[in-house]
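[1] Got a predicted structure plus its sequence, pasted below:
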Amino acid sequence: MKDILIALWPVFILLLLGYTAKHSQFLHKAFWEAAEKATYFVLFPVLLVYKLSLADFSGVDFVDITGPMLVLTLLFTAVLAGLQRLIGFDWPVFSSLYQGTVRFNTYAGFAVIASVQGMPVWQSWRCYWP
């Protein structure tokens, strides 16, 4: 448990700093809108493609990875569909809940897994591909 908390604190602090910077109005709202677009549409995809181009996939068995990912995605979809029928969320609320539960949060996952594995965050992609 201690290792997980140590791994998560830098990610949590970074998120807290971003939240504080945005809500302190140190920078204008227009900056944040542009920064979010640049990060979502340009910077993060470029980083992923670049790191994937360097990855060695020779030791990865994609069948072993795909099965559990598919099963978990379908399981969470079924659970959330059941909650939707039981609780009756508004569709915008449900779609946000579904996306936040089922999608892969790679950027946070890379940082956490790298920290747990004891490597610098900038080398975190190596956690997935030896």
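    It's in. Numbering: from 1, shown residues only.
[2] Could you check how far the residue of the chain positioned farthest from its centre is from Leu17?
    Distance from the C-alpha centroid of the chain, by C-alpha atoms, centre = their mean, peaks at Leu86 (28.0 Å). The gap separating Leu86 from Leu17 is 38 Å, by C-beta to C-beta, to the nearest Å. Glycine gets a C-beta too; all of them are placed from N, C-alpha and C.
[3] which parts of the top helix by length along the chain are buried?
    Identified as the longest helix of the chain according to DSSP state H is helix 62-87. Buried residues in helix 62-87, counting neighbours by 16 or more other C-beta atoms under 10 Å, are found at Leu80, Gln84.
[4] Kindly spell out which helices and strands sit in contact with that helix.
    Identification of packing neighbours for helix 62-87 by 3 or more C-beta pairs under 8 Å, 6 or more residues apart in numbering; DSSP states H and E yields helix 91-102.
[5] From the contact counts, what lies against the helix it packs on?
    helix 62-87.
[6] what is the orientation angle of the helix it packs on with helix 91-102?
    With axes from the mean of the first three to the mean of the last three C-alpha atoms, to 10 degrees as the basis, helix 62-87 and helix 91-102 are set at 150 degrees to each other.
[7] So what's the gap between helix 62-87 and the chain middle?
    Computed by C-alpha atoms, centre = their mean, to the nearest Å, the chain-centroid distance of helix 62-87 equals 17 Å.
[8] average model confidence for that helix?
    Confidence over helix 62-87, taken as the mean pLDDT, stands at 83.
[9] What count of nearby residues applies to Ala55?
    The burial metric for Ala55, expressed as a neighbour count using other C-beta atoms under 10 Å, is 13.
[10] Test for you: state the pLDDT assigned to it.
    Note on Ala55: pLDDT of 75.
[11] For it, grab phi and psi.
    Recorded main-chain torsions at Ala55 are phi -70, psi 150, according to degrees, to the nearest 10.
[12] before we move on, what about the one 3 residues further on?
    Note on Ser58: its backbone torsions stand at phi -60, psi -30 [degrees, to the nearest 10].
[13] That'll do, ta.
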